[in-house]
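Enquirer: Build me a model from this:
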Amino acid sequence: MLKISSLKKLVTDSMAIDLGTASTIIAVKGRGIVLDEPSLVAVNEMTEEIVAFGVEAAEMSGREGRDISVRAPMIGGVVGDFERTKRMLAYFVRKAKTGGSNISLQAVMSMVSDVTHVEQRALLNAADDAGIGKVFMMEEGLAAAFGAGVSPSDKRASAIVDIGAGTTNIAIVAKGSVVHSTSDRYGSNAINESLATHLRRHRGLQVGEETIEMLKTRFAGTFLPDDIAKTIEVRGRDVETGSPAAVEITTGEVYPIVEAIVRRIALRVKDTLTELRPEVAADIYDRGVILTGGGALLEGIDQYMRSFINLPVAIADEPRYAIVKGLLSMFEDEKLLERVSINELGVLKGADAPFEA
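Expert: Prediction:
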């Protein structure tokens, strides 16, 4: 366990980092959320140099120059490309620091519950290289619970389902610790992939990520719509001719694609709830489930989940920020921070990691 020397001295440089598959969100003690950018890098294919990060890289996506490709170095909530994750995190941390100060800072970072020692070490090394002096790591489910308003001193159990872009974390939390958790490297990005595949295979249209994201957030829903004939025009590239093209698609066509993904997540939640001890199950029966993460913003997902698991389902305030708010709250109680951190550094140093800092 890493010790904290003095929290008080580093008030402005105590940082909470939610390094996710789709977005990186950073909050700083005393300043709140200071950064919310896509976890993307734009790479020059000829030189392998990174030419842009975050929002700037996202703006190039789908319209890149000839030699530029936009990549996501985080896959399924873990480091997929170590070198680029390290550079991206260093860029974001620099941007989030007060006045570009180089004070040795401390941070608490989230990680998926089924993270391996190798993956955890990669995250720690990336944070170390980003100039963070002390790093605490905390399970996403626990951070999301605290961020959604669950008190660390509450002895009764709460169920949190965090639906991210690349992962779904289900955590049962009581007395400030995780009593049961499951993690699936599967999240709301699966909807994007299924929609893009459907359009390519069945409608002969290749579309970009921006178009798919628009389709998911503005047109798709988890319930069969009243008007299944409602249409939207989707533009892209004709698969056969390569020419610019457009197709009209209906809500009735999109609904089963989205529902299949949401059903898989709901089924995972239902299965997890059957594995609980009786007292814990009784608490969840009373309290139901809290949804967090970007996936909680999907139209009607709370109603869908409610009808699927037959329990109350609520969406946390600002669900995308639940994890980072929970991480940030740790700086209010250093004893709790030390207790909930998972920093098995002795084990990690011996991990057979392909990553070198």
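
Enquirer: Every contact and neighbour count from this point should use C-alpha atoms.
Expert: Noted.

Enquirer: Could I get the full set of strands for the stretch 101-250 of the chain?
Expert: 105-111, 132-139, 158-163, 168-174, 177-184, 205-206, 231-238, 244-250 (DSSP state E, counting those that start in this stretch).

Enquirer: Make TSV out of those strands and add distance to M15 and mean neighbour count.
Expert: Shown next, in TSV, are those (distance: least, Cα to Cα, whole Å; neighbours: other Cα atoms under 10 Å):
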stretch	distance to M15	mean neighbour count
strand 105-111	4	23
strand 132-139	9	22
strand 158-163	21	28
strand 168-174	22	27
strand 177-184	21	19
strand 205-206	40	23
strand 231-238	41	16
strand 244-250	44	15
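
Enquirer: measure the residue nearest to R156 when sequence neighbours are not counted to M138 for me?
Expert: Setting aside the residues directly before and after it, R156 is nearest to A174 in space (Cα to Cα, 6 or more residues apart in numbering), at 5.6 Å. Noted for A174: a distance of 15 Å to M138, by Cα to Cα, to the nearest Å.

Enquirer: circling back: quick check, the residue nearest to R156 in contact with K155.
Expert: Yes: the pair A174 / K155 is scored as a contact, 5.3 Å apart, by Cα atoms under 8 Å.

Enquirer: A229 against E248, yeah?
Expert: No: applying Cα under 8 Å as the test, A229 and E248 come out as separate, 10.5 Å apart.

Enquirer: okay, now S307: neighbour count?
Expert: S307 is flanked by 12 other residues according to other Cα atoms under 10 Å.

Enquirer: Model confidence for it, exactly?
Expert: Here the pLDDT value assigned to S307 is 95.

Enquirer: pull the CA atoms of stretch 196-205 into PDB?
Expert: Presented in PDB, the C-alpha positions along stretch 196-205 are these (Å, rounded to 0.1, in the frame of the first residue of the first chain):
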ATOM      1  CA  ALA A 196     -22.300  -0.300 -38.400                       C
ATOM      2  CA  THR A 197     -22.300  -4.000 -39.300                       C
ATOM      3  CA  HIS A 198     -26.000  -4.000 -40.000                       C
ATOM      4  CA  LEU A 199     -25.800  -0.900 -42.300                       C
ATOM      5  CA  ARG A 200     -22.800  -2.400 -44.200                       C
ATOM      6  CA  ARG A 201     -24.200  -5.900 -44.600                       C
ATOM      7  CA  HIS A 202     -27.900  -5.200 -45.100                       C
ATOM      8  CA  ARG A 203     -28.100  -1.700 -46.500                       C
ATOM      9  CA  GLY A 204     -24.700  -1.600 -48.400                       C
ATOM     10  CA  LEU A 205     -23.700   1.600 -46.600                       C
END
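
Enquirer: what's next to it, contact-wise?
Expert: Under the contact criterion Cα atoms under 8 Å, 6 or more residues apart in numbering, stretch 196-205 has outside partners 206-207, 212, 235-240, 245-247.

Enquirer: Show the contacting residues for I170.
Expert: Neighbours of I170 in contact, by Cα under 8 Å, 6+ apart: 141, 159-162, 181-183, 269, 272.

Enquirer: Show me what counts as buried in stretch 249-261.
Expert: By 16 or more other Cα atoms under 10 Å, the buried positions in stretch 249-261 come out as 249-259, 261.

Enquirer: in the protein, which helix or strand is least confident?
Expert: Every helix and strand in the chain was compared by mean pLDDT, DSSP states H and E; the lowest is helix 345-349, with a mean of 39.

Enquirer: what are the phi and psi values for the residue of the chain most remote from its centre?
Expert: The centre of the chain is farthest from one residue, T241, which by Cα atoms, centre = their mean lies 37.1 Å away. Main-chain torsions, T241, degrees, to the nearest 10: phi -90, psi -20.

Enquirer: mind checking how far it is from S151?
Expert: According to Cα to Cα, T241 stands 58 Å off from S151.
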